[in-house]
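Visitor: Pasting the sequence and the predicted model now:
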Amino acid sequence: MAFSELSRPWRARGHSNPRGGLLLCHGFTGSPQSLRPWAEHHAALGWEVELPLLPGHGSTWQELASTRWEQWYCTVRSAALALSEETGPIAIGGLSMGGALTLALAEDPDLRGRIAAIVAVNPGMTLPAVARFAGVLGRIVPTIPGIGSDVALPGASEEAYERTPLRAVAQLRELFAVTRRELGAVEVPLLLATSPQDHTVPARDSDLVAAGVRGPVERLPLPRSYHLATLDHDAELLLESSARFLDRHVPLPGARR
């Protein structure tokens, strides 16, 4: 598909009295477009927002097929380090694979003290058993149908690839496995938002996260939304809940805990 300006990296900087730093991570085969409402909502509240485009995304599925999960992680890790240098301890939020990246950042010992709170929306932690063979199958069948636009709201859609490269699915499986193994290292407060009617990521993945992390968890059901809750019926509920949660847990820039 053709990607619009909404799928490019986006940032909000230069608030005279910033509330804090917020890094957002989009999902697999998607783009920043799926998180623009979240980014713009929090920017209007004074947050310095960073919304990067992950390597291999917003271009062609062939480019995604040639990337590794470490490249996705290094992109958001570098953004987290840079943003925390500017504002002090930051908030991080993510959707789907972006939720897994959010949790992976909170597990990183080098980011301890730089992350104050996280918000994960329908985070992915597992894939069907057949995904174990995605790397091998990808040599024979390069792609499968796309997974984008799982939205209940009429007229809403996601800018995402129409085909999913199996080589990238193999990388996604590795990211999920690495993140799942280290969930016990997550000690910062977590807002965990889950759509029971998600057709892309099973709701039980959120239960795995809630059971695995060591920090305090606040659960937020999104009963009227499918996977892309940031574009769906519960978007307003999600964004307002995120803002309240982060206000409670992220210190003001320069403030001492």
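Guide: Ah, there it is. Numbers count the residues shown, from 1 in each chain.
Visitor: pLDDT weak spots in the stretch 51-200 of the chain?
Guide: Across the stretch 51-200 of the chain, residues meeting the criterion (pLDDT under 70) sit at 129-141.
Visitor: Next, please give the residue ranges for the helices of it.
Guide: Assigned by DSSP state H, counting those that start in this stretch, the stretch 51-200 of the chain shows helices spanning 61-65, 69-87, 97-107, 134-137, 166-181.
Visitor: Now tell me what touches the longest one from outside.
Guide: Helix 69-87 is contacted from outside by 18, 20-21, 23, 25, 48, 50, 52, 54-56, 90, 92, 97, 101, 104-105, 108, 111, 114-115, 171-172, 174-175, 178, 253, using CB atoms under 8 Å, 6 or more residues apart in numbering. (Glycine included, C-beta is placed from N, CA and C.)
Visitor: Verify the contact between residue 46 and residue 18 for me.
Guide: Yes. Between residue 46 and residue 18 there is a contact under CB atoms under 8 Å: 5.7 Å.
Visitor: circling back to that earlier point, out of the helices of the stretch 51-200 of the chain, deepest packed?
Guide: Highest mean neighbour count among those (mean count of other CB atoms under 10 Å): helix 97-107, with a mean of 27.
Visitor: Report the inter-axis angle for that helix versus helix 69-87.
Guide: In terms of direction (axes from the mean of the first three to the mean of the last three CA atoms, to 10 degrees), helix 97-107 departs from helix 69-87 by 60 degrees.
Visitor: separation between the closest residue to residue 98 other than its chain neighbours and residue 9?
Guide: In space, and not counting its chain neighbours, residue 98 is closest to residue 25: 3.4 Å by CB to CB, 6 or more residues apart in numbering. Separation of residue 25 from residue 9 (CB to CB, to the nearest Å) stands at 12 Å.
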